[in-house]
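[1] below are the sequence and a predicted model for it; my questions follow.
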Amino acid sequence: MFEIKTVTKEIIDELSIYFSTKWKVPKQEYVKSMNEALVSKTGVPSWYYIKCDNKIIAGLGVIKNDFHKRHDLTPNICAVYVNEEYRIQEIAKELLNYACNELRKKKIENVYLITTHKDFYERCGFNYYSDIEENDGNIVRCYQKKL
């Protein structure tokens, strides 16, 4: 279907702008994490993306903590995004599976993610863990996947 790629130095600027516009997190936060991913031996952080017609259409990251107060729940999948015109093609599921497989190769046993969505991540093999508090005080759902 689509080829999933891992962040490289050449794509950091474009990819950080993509995520920043989708999630309203400053571009520099993504740049910092993506640069760390280039030298990480643990798989955390890591960033993945898909391009179609030379344009980024989807991506996600794996980081230690996705702006929540449960620092024991790590690593976290974050910034999952698929451009609207490419949704309902299982692209997000492919990205999630790819990231989980890469973490499994690094001997990581569990991965977490936070979201306000309910059923989607369960269909992708994640289990509801609990509601947790974000750094800004909002309560969100936390999901876990045993790898």
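    Yep, that arrived. None of these values were measured; they are calculated from a predicted model.

[2] C-alpha from now on. contacts and neighbour counts both.
    OK.

[3] what about the strands in this structure?
    4-6, 46-52, 55-63, 76-82, 110-115, 127-133, 139-146 (DSSP state E).

[4] output the below-cut-off pLDDT ranges for the protein.
    Applying pLDDT under 70 to the chain flags residues 1.

[5] let me know the outermost residue of it.
    Asp53 (22.3 Å; CA atoms, centre = their mean).

[6] from Glu10, how far out is that residue?
    Note on Asp53: its distance to Glu10, by CA to CA, to the nearest Å, is 17 Å.

[7] one step back: same list (the strands of the chain) but as JSON lines, adding distance to Tyr30 and mean neighbour count.
    JSON lines is the format used below for the strands of the chain (distance: least, CA to CA, whole Å; neighbours: other CA atoms under 10 Å):
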{"stretch": "strand 4-6", "distance to Tyr30": "14", "mean neighbour count": "16"}
{"stretch": "strand 46-52", "distance to Tyr30": "9", "mean neighbour count": "20"}
{"stretch": "strand 55-63", "distance to Tyr30": "9", "mean neighbour count": "22"}
{"stretch": "strand 76-82", "distance to Tyr30": "10", "mean neighbour count": "22"}
{"stretch": "strand 110-115", "distance to Tyr30": "17", "mean neighbour count": "22"}
{"stretch": "strand 127-133", "distance to Tyr30": "22", "mean neighbour count": "15"}
{"stretch": "strand 139-146", "distance to Tyr30": "22", "mean neighbour count": "19"}
